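Enquirer: How does the following fold in three dimensions:
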Amino acid sequence: MSGLTRVERWDAKLKAVFDEIDRELEQVDGLKHVPLHPVRPAAGATSNPEDDGVLEIGANYTVGIGSKYGPGYVVRVRVATLESVPEEGYRVLEERVVEMLREKLPEAFPGADLKVDLDGNVYKIHGNLSLDGM
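Expert: Numbering: from 1, shown residues only. This is a model prediction of the structure:
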């Protein structure tokens, strides 16, 4: 990761966490039965897990205006299918992504004290977003 700015290194680490979660969840039996969107490549067919398979998960930075947690990353979970995804099934998937983030973020960002909480109707990664050590 040399040659990258500290922000780019931070974002690359976060993306690697989401890519790992994406790859693990693509193997879950329940998701194997969700029909893939016809224009989307199969899981593992591209170099970017966001661009293939039935899942697209990641996060977008927000400055946190109107948020009780301030700045952070809004977690994005999308199921790439033409089929209707039941709200309860989507919520279970989203909660599983959040559980996995809570497990994996401390490993990727030791000492950063990052949290994942519901902020309004979206989950947000917040806490020490410092670039120290990047």
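Enquirer: what bits of the chain have low per-residue confidence?
Expert: In the predicted model of the chain, residues 1, 133-134 satisfy pLDDT under 70.
Enquirer: Do you have the helices of it handy? List them.
Expert: For the chain, the helices defined by DSSP state H occupy 6-26, 29-32, 87-108.
Enquirer: which ones are touching E56?
Expert: By Cβ atoms under 8 Å, 6 or more residues apart in numbering, the contact set of E56 is D22, E50, R76, V77, R78, A80. For the C-beta atoms, the positions are set from N, CA and C on the backbone; glycine is no exception.
Enquirer: Name whatever forms a beta bridge with it.
Expert: R78 (DSSP bridges).
Enquirer: Let me know the distance separating it from L93.
Expert: 12 Å (Cβ to Cβ, to the nearest Å).
Enquirer: so what sits against both of the two?
Expert: Common neighbours of E56 and L93 (Cβ under 8 Å, 6+ apart) are V77.
Enquirer: How about the contacts made by the most centrally placed residue in the chain?
Expert: Residue closest to the average C-alpha location in the chain (Cα atoms, centre = their mean): G58, at 3.2 Å. G58 is in contact with K15, F18, E50, V75, R76, counting by Cβ under 8 Å, 6+ apart.
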